[in-house]
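*Asks:* got a structure for you, letters missing:
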Ligand code: AHG
Ligand code: MN
Ligand code: MN
Ligand code: MN
């Protein structure tokens with residue numbers, strides 16, 4: 001079969017033998033995420049027609065005003081994974097604590113935990129700009145048959161078994177890795193199936209796009225300020241182009257296809273940066289490395305950071321290898 005006609009469902013089954021553990025559990029989990037993605041996609045596409053725009057009225061653990069679609073997407077992903085008895089635990093950007101899924105069935109032996117940013121780029125919902133979903137999957141480290149503990153969720157990103165995102169854009173795509181490269185699937189809305197459209201996605205080694213919220217410029221560390229000035233200088237292939245959507249998923253997706261660097265540094269208002277290590281940075285870092293890119297906080301590889309809390313934030317520099325290395329050089333020199 002030519003890859004053009006291969007569905008995500010077929011791809012998952014065909015590649016099952018490359019998984020580190022081949023019980024079929026990870027395949028079922030990926031299939032559940034695929035299903036939830038289609039449900040959320042349907043709702044995102046209706047935004048504006050039905051009453052799902054705007055704030056939900058609550059503030060989440062992150063101190064952010066929850067949007068109705070944040071809440072909806074969170075419920076869909078959690079429900080899909082719990083009802084189908086696929087995982088033993090879930091942590092979400094929108095939930096204060098992790099959820100332990102305890103089956104009454106003594107034989108219940110689920111081994112995976114999922115960490116999720118159900119709706120990424122909330123601030124873009126009301127203005128019809130692309131949003132996304134980010135997921136990260138680990139094998140539990142505590143024994144099966146016992147309730148999951150914090151230890152199962154606070155694993156280094158390098159322990160991820162799979163990670164990916166869905167971008168609800170001009171077309172809807174699901175992009176994921178199980179540690180054997182990155183593949184992208186586009187939803188055919190008429191049929192309701194994802195098709196392999198972007199096999200073996202790779203970051204160009206270098207690029208000409210930099211993505212950063214420059215409104216925070218005065219607040220940035222000197223190394224980042226100097227690197228931004230470097231991007232703007234007229235020399236060699238510079239000045240680079242500035243592109244910032246404000247949805248990490250979309251900014252990352254564009255940079256992976258075209259070549260670029262994404263930065264969310266620390267600042268006095270965000271002393272650890274803004275992005276969440278477990279729901280945003282680690283899955284994107286895993287994808288970046290699998291696509292030949294690089295990710296760090298300026299000094300330390302993102303995937304090597306030992307998480308200490310569920311909603312921990314870290315500075316995040318991610319994208320084309322050579323560009324990230326250059327930014328790191330500025331951080332080392334100027335701090
Ligand atoms: P979320 O909508 O899941 O809370 O994530 C928002 C994140 C990320 O998507 C985006 O890149 C970044 O916040 C934008 O932040 P600024 O508006 O501060 O630039
Ligand atoms: Mn949020
Ligand atoms: Mn997010
Ligand atoms: Mn979110």
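*Replies:* Nice, I can see it. The model shown is predicted, which means the values in this text are computed figures rather than measured ones. Numbering: from 1, shown residues only. Ligands and ions are numbered 1, 2, ... in the order given.
*Asks:* leaving out chain neighbours, which residue sits closest to whichever residue of the chain sits closest to ligand 3?
*Replies:* Residue nearest to ligand 3 within the chain: residue 120 (3.5 Å; C-beta to the ion). No exception for glycine: its C-beta is placed from N, CA and C like everyone else's. Closest residue in space to residue 120, ignoring its immediate chain neighbours: residue 132 at 4.4 Å, by C-beta to C-beta, 6 or more residues apart in numbering.
*Asks:* residue contacts, that neighbour?
*Replies:* 119, 120, 121, 165, 166, 167, 168, 247, 248, 249, 250, 253 (C-beta atoms under 8 Å, 6 or more residues apart in numbering).
*Asks:* in TSV, list these along with secondary structure, distance to ligand 4 and neighbour count.
*Replies:* Formatted as TSV, the contacts of residue 132 follow (DSSP: H, G, I helix; E, B strand; the rest coil; distance: C-beta to the ion, whole Å; neighbours: other C-beta atoms under 10 Å):
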residue	secondary structure	distance to ligand 4	neighbour count
119	strand	5	30
120	strand	5	28
121	coil	7	21
165	strand	11	26
166	strand	12	29
167	strand	13	26
168	strand	13	29
247	coil	9	23
248	helix	9	25
249	helix	10	27
250	helix	13	24
253	helix	16	23
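*Asks:* so where is the stretch 51-200 of the chain shaky, pLDDT-wise?
*Replies:* Scanning the stretch 51-200 of the chain for pLDDT under 70 picks out 103-108.
*Asks:* enumerate the residues of it near ligand 3.
*Replies:* Within the stretch 51-200 of the chain, the residues that sit near ligand 3 (C-beta under 5 Å from the ion) are 117, 120.
*Asks:* what segments of the stretch 51-200 of the chain are strands?
*Replies:* With DSSP state E, counting those that start in this stretch applied, the stretch 51-200 of the chain shows strands at 55-59, 65-67, 89-92, 99-100, 112-120, 131-139, 162-168, 172-177, 182-188, 193-198, listed in chain order.
*Asks:* need phi/psi at the closest residue to residue 245 other than its chain neighbours.
*Replies:* Excluding the flanking residues, the one nearest residue 245 by C-beta to C-beta, 6+ apart is residue 251, at 5.1 Å. Per-residue torsions, residue 251: phi -60, psi -40 (degrees, to the nearest 10).
*Asks:* ok, now which ones touch residue 251?
*Replies:* So residue 251 contacts 211, 243, 244, 245, 262 (C-beta under 8 Å, 6+ apart).
*Asks:* if we can go back for a sec, could you export the strands of the stretch 51-200 of the chain as JSON lines, including distance to ligand 1?
*Replies:* Shown next, in JSON lines, are the strands of the stretch 51-200 of the chain (distance: least, C-beta to the nearest ligand atom, whole Å):
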{"stretch": "strand 55-59", "distance to ligand 1": "12"}
{"stretch": "strand 65-67", "distance to ligand 1": "8"}
{"stretch": "strand 89-92", "distance to ligand 1": "10"}
{"stretch": "strand 99-100", "distance to ligand 1": "18"}
{"stretch": "strand 112-120", "distance to ligand 1": "4"}
{"stretch": "strand 131-139", "distance to ligand 1": "8"}
{"stretch": "strand 162-168", "distance to ligand 1": "11"}
{"stretch": "strand 172-177", "distance to ligand 1": "15"}
{"stretch": "strand 182-188", "distance to ligand 1": "19"}
{"stretch": "strand 193-198", "distance to ligand 1": "21"}
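*Asks:* for those, give me JSON lines that also has distance to residue 307.
*Replies:* Below are those laid out as JSON lines (distance: least, C-beta to C-beta, whole Å):
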{"stretch": "strand 55-59", "distance to residue 307": "23"}
{"stretch": "strand 65-67", "distance to residue 307": "23"}
{"stretch": "strand 89-92", "distance to residue 307": "11"}
{"stretch": "strand 99-100", "distance to residue 307": "17"}
{"stretch": "strand 112-120", "distance to residue 307": "10"}
{"stretch": "strand 131-139", "distance to residue 307": "11"}
{"stretch": "strand 162-168", "distance to residue 307": "15"}
{"stretch": "strand 172-177", "distance to residue 307": "20"}
{"stretch": "strand 182-188", "distance to residue 307": "23"}
{"stretch": "strand 193-198", "distance to residue 307": "30"}
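*Asks:* can you give me the end-to-end distance of stretch 152-161?
*Replies:* Terminal residues of stretch 152-161 are spaced 13 Å apart (C-alpha to C-alpha, to the nearest Å).
*Asks:* may I see the buried residues of that stretch?
*Replies:* Going by neighbour count (16 or more other C-beta atoms under 10 Å), the buried part of stretch 152-161 is 152, 153, 154, 155, 156, 157, 160, 161.
*Asks:* could you do stretch 283-300 as well?
*Replies:* 283-298.
*Asks:* next one: stretch 13-32
*Replies:* Counting neighbours by 16+ other C-beta under 10 Å, stretch 13-32 gives 19, 25, 26, 27, 28, 29, 30, 31, 32 as buried.
*Asks:* JSON lines please, covering these and showing distance to residue 182.
*Replies:* Shown next, in JSON lines, are the buried residues of stretch 13-32 (distance: C-beta to C-beta, whole Å):
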{"residue": "19", "distance to residue 182": "15"}
{"residue": "25", "distance to residue 182": "22"}
{"residue": "26", "distance to residue 182": "16"}
{"residue": "27", "distance to residue 182": "18"}
{"residue": "28", "distance to residue 182": "21"}
{"residue": "29", "distance to residue 182": "18"}
{"residue": "30", "distance to residue 182": "14"}
{"residue": "31", "distance to residue 182": "18"}
{"residue": "32", "distance to residue 182": "20"}
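*Asks:* having no further points to raise, I will conclude here.
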